[in-house]
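>>> for reference, the sequence and a predicted model appear below.
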Amino acid sequence: MQKAAPKSLHEVRAFLAEKLGLRGPFWRAAESMDRAVDLGMIQIDSIIRTGLRNHEIVWAARSDAPVADFYKMVYGERRMLETHYPIFATRRDWLPQFLQDFHKAVEGSMHYEELKPIKRKLVKQIKASGPVSPGELEAERIIGGFNTVKATTKALEHLFYEGKVQVSGRTKNFHRQFDVTENVAPELLKHPRFKKSDHDRFMVESALGVLKIASRNQLAQRVNHHFGNWRGPGLPESRKLVDRYAREGLLEPITVKTDDGEETWFILAKDHAAWDASTTKADDRVRLVAPLDNLLFNRDRFTQLYGFTYKFEAYTPVRQRRFYFALPILWKDDVVGLIDGKREDGKWLVTGLDLTKPVDADALREGLHRFARIAGAEKVAAGRKVADKWRKFLSGSTKD
């Protein structure tokens, strides 16, 4: 049999964008929840400088449905559930596998014994009075979080890892609300123990289910992430798991021509038809991508595919950063630059624009104005750091 010709990075980018919902028509409202669940995991973040939080930008980059439908999906219909740390909206049917060993994250940890009475009281309180938010509770502060944290907040974290409570919603101020598991996802209380081989297979399959396509090392990194630092096998063992399930046919190898030669990447075998059907016909829409979008779940892959290293600078000291919440600009399956901005006083102000590759001006304006409308802005303006050409062209009413 003749060996298949290696695929280009351009073909990989096209397939990845297709599988991640970042090319073609925006999702219709009727299909948006199902399509979002197929992403596997969506990172939730509270920063709202742009007028939209990270997960809301993830939704807006793909869907014409209102952002409110994201919250309906997670906290209403609960097709996905929010995990505590790391904070993701995660496929509900994946949670039994992920939660199987979560208790190992807290057993024997600092304050574990002293928090037991507080945990018992919290469970009783929730059962009697309904969901609680950590901000509603009064308690002494203990070591935890970035420095110190309220004992009740830490107790809720322990209860989540022990499977006794789940994140059931968010307050108007975006604080987490916790309810007992039987009220949120009762199946998580009685799920069976999984055999190691089945559990390992799930971790590999879910990791590639999130990444969609990845090299051996990129996939191994995500596998280890899905296991979690407290129980993960480590990168060498994760690479062995990737090799094992490639041999067993769960993964399909794709030879990719990179700048350094040829490299084996993987897709899920069940995505073979999608790979064959993918086309490199470019999408003329400009999409502004969230800093923590699924497209950036592996930064090594992002650099390899798009030619530059993205840095999330929101927590970088002001004097050491170029941007605050820079959004990659996706056009024709390529990242053509970064845009930073904020919503204020009814407008979306562009505070930074760095175009590293050519982009159609009309497409950029349309993509930016669509984003600004979804973010609740009535017009777009640009600051002095933006080049005159773009400052004038991009500015204007979002209703035009």
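Okay, I see it.

>>> out of everything not next to it in sequence, what's closest to residue 211?
residue 222 (5.5 Å; Cβ to Cβ, 6 or more residues apart in numbering). C-beta: built from backbone N, CA, C; applies to glycine.

>>> identify the residues contacting residue 327.
50, 57, 288-291, 338-341 (Cβ atoms under 8 Å, 6 or more residues apart in numbering).

>>> so what touches stretch 209-216?
Contacts for stretch 209-216 (Cβ under 8 Å, 6+ apart): 12, 15-16, 19-20, 39-41, 208, 218-219, 222, 239, 242-243, 254, 256, 263-268, 271, 294, 297-298, 301, 304.

>>> re earlier: would you confirm that the residue nearest to residue 211 contacts residue 207?
Yes: using Cβ atoms under 8 Å, residue 222 makes contact with residue 207 at a distance of 3.9 Å.

>>> who has more neighbours out of those two?
A side-by-side neighbour count of residue 222 and residue 207, using other Cβ atoms under 10 Å, places residue 207 first with 27 against 24.

>>> based on its surroundings, how many neighbours for residue 378?
Neighbour tally, residue 378, other Cβ under 10 Å: 13.

>>> same thing with residue 11?
Counted with other Cβ under 10 Å, residue 11 comes out at 18.

>>> wait, is it part of a helix?
Yes: the assignment for residue 11 by DSSP: H, G, I helix; E, B strand; the rest coil puts it in a helix.

>>> ok, now how distant is it from residue 260?
17 Å (Cβ to Cβ, to the nearest Å).

>>> mind listing the helices for the stretch 301-400 of the chain?
361-374, 388-394 (DSSP state H, counting those that start in this stretch).

>>> can you tell me which of those is nearest to residue 312?
helix 361-374 (18.2 Å; Cβ to Cβ).

>>> list the buried residues in that closest one.
In terms of neighbour count (16 or more other Cβ atoms under 10 Å), helix 361-374 has its buried residues at 363-365, 367-374.

>>> now stretch 144-164
Here stretch 144-164 shows 144, 149-164 as buried, counting by 16+ other Cβ under 10 Å.

>>> please apply the same query to stretch 266-277.
Quick answer for stretch 266-277 (16+ other Cβ under 10 Å): 266-269, 271, 275.

>>> still on that earlier bit, inside helices: which ones of the contacts of stretch 209-216?
Those of the contacts of stretch 209-216 mapping onto helices are 12, 15-16, 19, 208, 218-219, 222, 239, 242-243, 301, 304, per DSSP state H.

>>> sorry, back to before: give the contact list for the residue nearest to residue 211.
207-208, 210-211, 214, 297-298.

>>> let's go with 10 Å and repeat that
When contacts are counted by Cβ atoms under 10 Å, 6 or more residues apart in numbering, residue 222 touches 203-204, 206-211, 214, 238, 242, 297-298, 301.

>>> of the residues you listed, closest to residue 227?
Nearest member of the contacts of residue 222 to residue 227, counting by Cβ to Cβ, is residue 203, at 5.8 Å.

>>> the closest one contacts residue 244, correct?
No: with contact defined as Cβ atoms under 10 Å, residue 203 does not count as touching residue 244 (11.5 Å).

>>> the more surrounded of those two?
In this view residue 203 and residue 244 are compared by other Cβ under 10 Å, and residue 203 has more residues nearby, 24 against 15.

>>> can you tell me how far the more buried one is from residue 180?
From residue 203 to residue 180 the distance is 27 Å (Cβ to Cβ).

>>> same list (the buried residues of stretch 266-277) but as a markdown table, adding pLDDT.
Formatted as a markdown table, those follow (pLDDT from 0 to 100):
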| residue | pLDDT |
| --- | --- |
| 266 | 98 |
| 267 | 98 |
| 268 | 98 |
| 269 | 97 |
| 271 | 97 |
| 275 | 94 |
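
>>> nearest to residue 105 among the contacts of residue 222?
Nearest member of these to residue 105, counting by Cβ to Cβ, is residue 203, at 15.9 Å.

>>> enumerate every residue touching residue 344.
Residue 344 touches 49, 51, 377, 381, counting by Cβ under 10 Å, 6+ apart.

>>> which of the residues you listed count as buried?
Using 16+ other Cβ under 10 Å, the buried members of the contacts of residue 344 are 51, 377, 381.

>>> still on that earlier bit, what two of the buried residues of stretch 266-277 are the furthest from one another?
266 and 275 (10.9 Å).

>>> where strands are concerned, which of the contacts of residue 327 count?
288, 338-341 (DSSP state E).

>>> thinking again about what came up before, name the residues contacting each of residue 266 and residue 275.
213, 252, 254.

>>> highest neighbour count among these?
Neighbour max across the shared contacts of residue 266 and residue 275 (other Cβ under 10 Å) = residue 213, 25 neighbours.

>>> now do the same contact list for the residue nearest to that residue when sequence neighbours are not counted.
Spatial nearest neighbour of residue 213, excluding adjacent residues (Cβ to Cβ, 6+ apart): residue 267 at 5.1 Å. Shown in contact with residue 267 (Cβ under 10 Å, 6+ apart): 12, 15-16, 19, 208, 211-214, 251-254, 274-275.
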